[in-house]
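Enquirer: could you work out the structure for the sequence below:
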Amino acid sequence: MMERIALIGGDEFRQGCEEADRAILNAIGAARPKVLVVPTAAVEGSPSMAAANGVRYFTDLGADAESLMVLDASDARDEGLADEVELADVVYLSGGNPAYLLETLSDTTVLRAMLDAHDRGAWIAGSSAGAMVLGTWMRFRTWSRALDIAKRLVALPHHERADLESTSVELVQNAPGDLAAAFGVDGRTGCLAFADGWKVLGPGNVTVYEAGSWRKFSSGESFSLESG
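Expert: So this is what the prediction gives:
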């Protein structure tokens, strides 16, 4: 079972997101968990603003929050930035451009540091684009291999905008054969992986697509995948 992964449906660092993010911080069990906000995906907007918003938000929640300014492939290969990840309890990937985020992080020193931190007990969280890159697959204009942290999954953020029936049909017709499930996650809502399964927290829903059907879960509800 996957653990310590958080897929957030977007609109991060805003009112309404607190329930999921507090659950992540509480799960760590530290007085002031160390959170690193990674604004790579916000390259087309303002990464510095995205980072500042995230640091302020998590500080208000009681965390020791800092930014990790990985803005391009050179940064992602930087040993000094990777070393900062070693101290993190949470690595949080912000929203923005998922294709750029995936290209920037793939096969890099910072990604390896993230995976090592996760193995040691840290959480890896992503919102919108950040959630999309965490799956084995990413659906963005076309299907592509992603970072494979959330195994055999694809995250579909901002899912409050989606039509469930047409999404299910599209997944049946086009999803890769090794995909176990797709998680449609509404904005400001989190789908968190704990040792005993996934839990939904936030004002929206999570729709789980498996084998041509779907199940919808609201805040406080937990589920496991039918495929195990």
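Enquirer: quick one: the strands in this protein, in order.
Expert: For the chain, the strands defined by DSSP state E occupy 5-8, 34-38, 64-67, 90-93, 123-127, 137-140, 142-145, 153-156, 181-185, 190-194, 197-201, 205-210, 213-218, 222-223.
Enquirer: per-residue pLDDT of the residue lying farthest from the centre of the chain, please?
Expert: The outermost residue of the chain relative to its centre, with distances by CA atoms, centre = their mean, is Q173 at 25.2 Å. The predicted structure scores Q173 at 96 on the pLDDT scale.
Enquirer: go on, S219?
Expert: At S219, the pLDDT value in this model is 98.
Enquirer: ok, G228 next?
Expert: The per-residue pLDDT reported for G228 equals 58.
Enquirer: could you check how far A65 is from L36?
Expert: Counting by CB to CB, to the nearest Å, the separation of A65 from L36 is 8 Å. C-beta coordinates here come from the backbone N, C-alpha and C atoms, glycine included.
Enquirer: hmm, back to that, which one, of the strands of the chain, ends up nearest to S74?
Expert: Judged by CB to CB, the one of these that comes nearest to S74 is strand 34-38, at 15.0 Å.
Enquirer: low-confidence ranges, this protein, go.
Expert: Judged against pLDDT under 70, the low-scoring parts of the chain cover residues 1, 228.
Enquirer: how about the helices in it?
Expert: If you assign secondary structure with DSSP state H, the helices in the chain sit at 18-28, 47-60, 73-76, 79-85, 98-105, 109-120, 129-132, 164-174.
Enquirer: next, the buried residues of the longest one.
Expert: It stands for helix 47-60. Within helix 47-60, the residues that count as buried by 16 or more other CB atoms under 10 Å are P47, A50, A51, N53, G54, V55, Y57, F58.
Enquirer: re the thing from before, higher neighbour count, A65 and L36?
Expert: Counted by other CB atoms under 10 Å, A65 and L36 do not tie: L36 has more neighbours, with 27 against 22.
Enquirer: what's across from the more buried one in the sheet?
Expert: Assessed by DSSP bridges, L36 has beta-bridge partners E66, V91.
Enquirer: OK, contacts around it?
Expert: A65, E66, S67, L68, E84, V85, A88, V90, V91, Y92 (CB atoms under 8 Å, 6 or more residues apart in numbering).
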